[in-house]
Structures are given as structure tokens and as C-alpha cells.
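> let's see this in three dimensions:
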Amino acid sequence: MKTGLITSDTSQNHDTGPGHPEQIARVSVIVENFKKLNNKNLVWKKPSKVSDEILLTTHETDYINAVKNSFPKKGFSSLDGDTIISPGSKNATLDAVGSIITAIDGVENKEFKNAFCAVRPPGHHAEKNKAMGFCIFNNVAVGANYLIKKYKYKKIAIVDWDVHASNGTADIFYDNEKVLLISTHQYPYYPGTGSEQEKGKFNNILNIPLPAGTSSEEYLNAFERVLKKLEEFKPEFILISAGFDAHKNDPLAQFNLNTEDYYTITLRLLKASKRFCAGKVVSILEGGYDLQALQDSTKRHVDALLEFN
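Model (predicted):
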């Protein structure tokens with residue numbers, strides 16, 4: 001079986017301005033690296049067009065319309081202090097959502113066994129009606145709701161290993177017993193959420209807050225809690241909010257993971273997934289702001305996706 005790689009040239013048109021950490025090069029270094037490697041088991045696909053109907057599973061009409069009307073015809077605008085947009089941002093934003101739809105359909109149709117979406121902007125900070133933290137629409141949340149609506153799944157797990165707590169995903173699924181959110185993150189830190197006391201209405205949120213300076217060994221030990229919770233929940237499909245900013249070289253956080261750790265946690269999660277959802281896993285890019293660390297870590301993440309049977 002093969003692994004899907006869903007990406008779009010529109011990511012290169014989402015210009016956030018000089019000096020912004022969520023920069024165009026984040027996706028281009030990933031994509032160029034996979035092009036050079038030329039692995040025949042990677043199935044390259046472009047995102048499908050995403051309809052308002054799909055967005056409405058997660059975001060409200062007024063917010064969707066406000067976002068679509070906010071993109072400038074020239075120059076830059078902002079949705080919050082961190083979330084900068086430009087004329088090319090609209091198509092990139094819609095394609096980021098469309099990528100996870102394409103990935104899910106590809107897995108469900110047995111076109112590939114699992115998939116990674118190399119797209120931007122990221123999504124996990126976006127709440128039902130609020131853009132923040134570089135995020136506009138919540139890509140992974142739309143994916144989970146799509147699985148519920150189209151494929152009638154009743155148990156979806158989202159594993160978020162971005163170094164920042166997934167406040168947006170938690171906001172969206174706080175009272176949805178069909179979705180389990182597990183988040184490992186630096187705490188206390190941006191965005192200020194993610195304490196262990198935040199459990200969701202149905203005990204469907206597991207936050208695993210870890211202090212600044214967390215080492216590889218400490219993180220991998222904590223990751224066992226992720227696997228234990230998955231075993232308890234037994235999801236029918238797993239989505240990964242794959243941030244790579246817990247890397248020791250990342251400028252926006254203070255964790256000390258190395259490149260190989262991303263291979264390790266991916267493989268551990270995949271092995272667990274085989275026991276209850278036949279390895280149905282789709283991953284989508286969130287953070288990661290050191291370009292070399294991002295390129296290397298995404299490669300090892302996809303290596304694990306490719307190797308797993």
C-alpha cells in the first residue's frame with residue numbers, strides 16, 4: 001500500500017509578509033524535499049474544492065462569510081494580531097481544508113493506506129467563529145466532522161502533538177462525544193489553554209501539558225498516555241494535527257525533541273491504530289518554524305507512514 005501526499009501550489013501564495021514565522025518556505029522546503037527523494041510509494045494529489053456545506057459542519061455562516069470577504073485585493077490585512085492575510089491567502093486557506101477531505105477520501109477509497117497533508121495555513125487554533133495563531137479555518141476539525149457526516153463514523157480521535165495547545169479544536173469539539181481530542185503541548189504557554197482540568201463535556205479531551213525544557217525521554221514517556229487513551233476509546237479513524245515545533249531547534253517554543261522522535265511517535269501511533277481502526281490515519285501540518293528541522297522531521301514522519309503495514 002501507498003501513502004498519500006496532498007499539497008497545493010496555492011500554499012506558496014499565502015504571503016504573510018517579511019519576518020513572519022508562518023512563511024511561504026515552510027511548505028516549499030517540505031515539498032521540494034519529497035520531490036528530490038522521488039519515492040514511488042508516495043501518491044501526490046491536489047486538494048479537492050471545498051464547499052460551504054463542508055465548512056458549515058465546523059464554522060458558522062457569518063464567520064465563513066466574514067473570512068471570505070476579508071482577503072485584500074492587494075497588500076496585507078490581518079484577522080488577528082498574528083494571522084496575516086494577502087490576496088493569495090483565500091485559495092490557500094480553502095485548499096488547506098480541501099487537502100484533508102482529499103486525504104480522507106483517498107484512505108476510505110483504498111487509494112492509499114494513510115496520508116500527510118503538506119499545506120498552510122495551519123488550523124488548530126481556529127475556533128468556531130475566530131481566527132487566531134496563524135489559523136483561519138480549523139482544517140483537522142473539518143476533517144473530523146466530514147468523517148462523521150459522510151462516512152457515518154461515531155468515534156474519531158484527533159492527536160495533536162503541536163507544541164502549542166489546540167484551543168480551537170477543543171472549542172469546536174468540547175461537547176461532541178464522537179470526537180476524542182488528545183493534545184500534548186508546552187504549558188503554561190500560548191494560547192493559555194490546555195490544562196489537565198479541561199476535559200470536555202463528555203471527558204472527550206485529554207490534555208497532556210508539559211513544561212518548557214521537556215526532553216525527548218520525558219516526552220516519549222508522556223506519549224504513552226496518548227496511546228493508552230486511544231486504546232480506551234478505540235477510534236474508527238485517527239487524525240493527526242502534526243506540528244513539528246516541539247523540535248529543539250524551533251524558535252517559537254522550548255521543547256527538546258529531535259528529528260528522530262517524530263518517526264518514533266508516528267510509528268507508535270500507527271502500531272496502535274492497527275488494533276482498532278485498521279491503520280486509518282491522516283495527518284495534516286500544523287506548526288514548525290525552523291525550516292531545516294521542519295524538512296527533516298516531516299521526512300521522518302512520512303517515512304513511518306510509508307513503512308507501516
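
> got phi/psi on G200?
With angles defined as degrees, to the nearest 10, G200 sits at phi 80, psi 160.

> next one: A131 from L210, what distance?
According to C-beta to C-beta, to the nearest Å, A131 stands 27 Å off from L210. Bear in mind the C-beta positions are built from the backbone N, C-alpha and C, glycine included.

> which residue ranges form the strands in the stretch 201-309 of the chain?
205-210, 237-242, 281-285 (DSSP state E, counting those that start in this stretch).

> re earlier: what about A131 and L210, which has more around it?
A131 (27 against 19; other C-beta atoms under 10 Å).

> quick one: contacts for the nearest residue to the more buried one once chain neighbours are set aside?
Leaving aside its chain neighbours, A131 sits nearest to L79 (3.8 Å; criterion: C-beta to C-beta, 6 or more residues apart in numbering). Residues near L79 by C-beta atoms under 8 Å, 6 or more residues apart in numbering: V67, S70, I85, A131, M132, I136.

> and T61, by the same measure?
D52.

> name the residue closest to the centre of the chain, please.
S241 (2.7 Å; C-alpha atoms, centre = their mean).

> so where's the protein uncertain?
By pLDDT under 70, the chain has no low-scoring segment.

> most packed of the strands of the stretch 201-309 of the chain?
Among the strands of the stretch 201-309 of the chain, strand 281-285 has the highest mean neighbour count (mean count of other C-beta atoms under 10 Å), at a mean of 29.

> which neighbouring elements make contact with that strand?
Secondary-structure packing of strand 281-285 (3 or more C-beta pairs under 8 Å, 6 or more residues apart in numbering; DSSP states H and E): helix 25-37, helix 89-108, strand 114-118, helix 139-151, strand 237-242, helix 259-277, helix 291-307.

> buried ones in the helix or strand following the fourth one?
It stands for helix 139-151. Under the assignment DSSP states H and E, the closest C-terminal helix or strand after helix 139-151 is strand 156-160. Residues of strand 156-160 classed as buried: I156, A157, I158, V159, D160 (neighbour count, 16 or more other C-beta atoms under 10 Å).

> swap in stretch 180-194?
Using 16+ other C-beta under 10 Å as the test for burial, stretch 180-194 gives L180, L181, I182, S183, T184, H185, Q186, Y187, Y189, Y190, T193, G194.

> how far is that stretch from where the chain is centred?
From the chain centre to the centre of stretch 180-194 is a distance of 14 Å (C-alpha atoms, centre = their mean, to the nearest Å).

> ends of that stretch, what's the gap?
14 Å (C-alpha to C-alpha, to the nearest Å).

> which residues touch N114?
T3, G4, V107, L270, G279, K280, V281, V282, S283, L305, F308.

> pull out the buried residues from those residues.
T3, G4, V107, L270, G279, K280, V281, V282, S283, L305, F308.

> so what's the first one bridging to?
I take that to be T3. Bridge pairing for T3 (DSSP bridges) gives the partners L42, N114.

> that one: what's it in contact with?
Neighbours of T3 in contact, by C-beta under 8 Å, 6+ apart: N41, L42, V43, F112, K113, N114, A115, F116, V302, L305, L306.

> closest to T16 among these?
F116 (22.2 Å; C-beta to C-beta).

> tell me how far the closest residue to that closest one other than its chain neighbours lies from A66.
With C-beta to C-beta, 6+ apart as the criterion, F116 has its nearest non-adjacent residue at 4.7 Å, and that residue is S283. Per C-beta to C-beta, S283 is found 29 Å from A66.
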